[in-house]
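[1] quick one, what's the 3D model for this:
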Amino acid sequence: MPSLATYFKLYATLCVLTCLTVAVYYMDLGRTSLIVALAIAIVKASLVAAVFMHLWYERRFYVLMVAISLIVLIFFFVFPFIDMGSRADVNPSTGPRIEAGPASK
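    The predicted structure follows:
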């Protein structure tokens, strides 16, 4: 079981990461801002899961099951975005117009 000192260290770490997230919001990093903010959020969520779900202290089997579940969840979020990026190739009304040539016999 985590000690009281562990909870205070986690609290301090989460506060620092939250301040870092706010700082990233005010920085002009362009498209990278979203990636950095999501990376910080993933670190924060991992810390919370490790301590409060006691994954840090469990056998590796449970940690592996949680990791596999998260990887599958990421695939469910990433693949639709990849598919949406290729919609212009599939739907001619939103993509480049292709002129029909002479009919071949």
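[2] where does pLDDT dip in this protein?
    85-105 (pLDDT under 70).
[3] mind listing the helices for this structure?
    4-26, 32-52, 60-85, 87-90 (DSSP state H).
[4] Throw the ones you listed into TSV and include mean neighbour count, thanks.
    The way it works is simple: take the backbone N, C-alpha and C, and place the C-beta from them, glycine included. TSV is the format used below for those (neighbours: other CB atoms under 10 Å):
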stretch	mean neighbour count
helix 4-26	12
helix 32-52	14
helix 60-85	10
helix 87-90	10
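[5] show me the chain divided up by domain.
    The chain breaks down by automatic domain parsing into domains covering 1-57, 58-89.
[6] from residue 65, how far out is residue 58?
    10 Å (CB to CB, to the nearest Å).
[7] just to check, residue 2 is in contact with residue 57?
    Yes. Assessed by CB atoms under 8 Å, residue 2 is found in contact with residue 57 at 7.4 Å.
[8] neighbour count: those two, which is higher?
    A count of neighbours by other CB atoms under 10 Å puts residue 2 above the other of residue 2 and residue 57, at 14 against 11.
[9] quick check: closest non-adjacent residue to that one.
    Sequence neighbours aside, residue 51 is the residue nearest to residue 2 in space, at 5.6 Å (criterion: CB to CB, 6 or more residues apart in numbering).
[10] next, work out how far apart the spatially most central residue of the chain and residue 24 are.
    For the chain, residue 38 is the residue whose C-alpha lies nearest the centre (CA atoms, centre = their mean; 5.6 Å). Per CB to CB, residue 38 is found 10 Å from residue 24.
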